[in-house]
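Visitor: Sequence and predicted model, in that order:
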Amino acid sequence: MRDVERQNRFGSSFKVKYPDFPGFTVTPRSITLIQEMGKHDIVELKYPRFSPALVKGITTGVPIEITWKNDKVSGKFVGYAVEVTYPTLQEIERGINILCIGASYPLKERSSKIWKNKTASDIAVDIAKKFKLKPVVTPSNVRFTQQSLAGHSYWEKLNELAARIGYGVQVIGTELHFHPID
């Protein structure tokens, strides 16, 4: 794990792409990526100048791709914008902050479904395919006679199943990972 405050500035780079706006090439001043097992990936982008086109174009649900690397690791974030904030006061530096959630965002959808005679891994693969995520799943031997999804989101169900059998769940890029914690 890298300490954000002490990370080498010249050894780090990132590139932000908005697939819906291929002509938009302004680079943010800073980027903060928070990734944690069992939680949605979150990115905060900070742009140095106010842009009416950016505020009007980037709304909730706009897809975003971020490719990043430092001297130790590299990765790709795929997600959706959820909030655009900017100061309404007249200030010398009027920046824009964009908050994004990873590709696990659609898993917050609620539905009703019953799985019969399936393992937790089978259910995870089924959910991944429903949301067009690539399943990277370690098979489990624990078979459930019946599992129901009623009043909960798919994300909550995945976390419940993972906790029940000692697995962890995380969406990395567009891959749904479902593996034993150890």
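Guide: Cool, got the structure.
Visitor: wait, what's in contact with residue 59?
Guide: Applying Cβ atoms under 8 Å, 6 or more residues apart in numbering to residue 59 gives the contacts 81, 84. Using the backbone N, CA and C atoms, a C-beta is placed for each residue, glycine as well.
Visitor: per-residue confidence at it?
Guide: According to the prediction, residue 59 has pLDDT 84.
Visitor: That one: what secondary structure?
Guide: The local conformation at residue 59, judged by DSSP: H, G, I helix; E, B strand; the rest coil, is coil.
Visitor: ok, it to residue 21 distance?
Guide: 11 Å (Cβ to Cβ, to the nearest Å).
Visitor: all strands for the protein, in order.
Guide: Taking DSSP state E, the strands of the chain run over residues 13-17, 30-34, 42-47, 63-69, 74-85, 96-102, 113-119, 134-137, 143-149, 167-172, 175-180.
Visitor: ok, residues contacting the lowest-mean-pLDDT helix or strand in the chain?
Guide: Of all the helices and strands that make up the chain, helix 52-57 has the lowest average by mean pLDDT, DSSP states H and E, namely a mean of 80. With Cβ under 8 Å, 6+ apart as the contact definition, helix 52-57 has outside contacts at 18, 20-21, 24, 26, 47, 84, 86, 96.
Visitor: Can you point out the buried residues in it?
Guide: Using 16 or more other Cβ atoms under 10 Å as the burial criterion, the residues of helix 52-57 that qualify are residue 54.
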